[in-house]
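In: no FASTA, just this:
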């Protein structure tokens, strides 16, 4: 099973980026998938999650109104559209998936599959 992120790059404050995560080796369509990030000197933190077939979403407070998580189950992909980016959004962004049902979704330990990460840098 592999999760491969793409789309991270250097962008100016106020800009936009779209991160993508392509999954292979199994289907994640019944299960939640999420994005986490880890900034310099910080712990990995939850950003957004989207549930399996019902596409219910949740966001960390700093992402609400600026980020949108979506998924395409036919393509086994999940995306994160990030608008109005700020320097504090600078981090390595990780795609996370799991192959079980759980009511918990905001902790890294809730996921058993991870991508390698993609760097997002927002310049001031």
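Out: All right, it came through fine. In this text, all values refer to a predicted model and were calculated from it rather than measured experimentally.
In: Quick check: residue 27 touching residue 76?
Out: Yes. With contact defined as Cβ atoms under 8 Å, residue 27 and residue 76 form a contacting pair (5.9 Å). For every residue, glycine as well, the C-beta is placed using N, CA and C.
In: more crowded one of the two?
Out: A count of neighbours by other Cβ atoms under 10 Å puts residue 76 above the other of residue 27 and residue 76, at 19 against 13.
In: excluding its backbone neighbours, what's nearest that one?
Out: residue 23 (4.5 Å; Cβ to Cβ, 6 or more residues apart in numbering).
In: in which helix or strand would I find that neighbour?
Out: Using DSSP states H and E, residue 23 sits within strand 17-24.
In: What pLDDT does the model give residue 54?
Out: Residue 54 is assigned a predicted lDDT (pLDDT) of 86.
In: Tell me who's in contact with it.
Out: Neighbouring residues of residue 54 by Cβ atoms under 8 Å, 6 or more residues apart in numbering: there are none.
In: Would you mind measuring from it to residue 76?
Out: Taking Cβ to Cβ, to the nearest Å as the measure, residue 54 falls 17 Å from residue 76.
In: isn't residue 26 right up against residue 99?
Out: Yes. The criterion here is Cβ under 8 Å, and residue 26 meets it with residue 99 at 6.6 Å.
In: In space, what's closest to the residue most central in space within the chain - neighbours in sequence excluded?
Out: Averaging the C-alpha coordinates of the chain gives a centre point, and the residue nearest to it by Cα atoms, centre = their mean is residue 35 (2.0 Å). Here the nearest residue to residue 35 in space, its sequence neighbours aside, is residue 47; by Cβ to Cβ, 6+ apart that works out to 4.4 Å.
In: A strand includes that neighbour, no?
Out: Yes. The assignment for residue 47 by DSSP: H, G, I helix; E, B strand; the rest coil puts it in a strand.
In: which residues does the nearest residue in space to residue 49 that is not next to it in sequence contact?
Out: Leaving aside its chain neighbours, residue 49 sits nearest to residue 34 (4.0 Å; criterion: Cβ to Cβ, 6+ apart). Contacts here follow Cβ under 8 Å, 6+ apart; on that basis residue 34 touches 46, 47, 48, 49, 50, 69, 95, 96, 97, 105, 110, 111.
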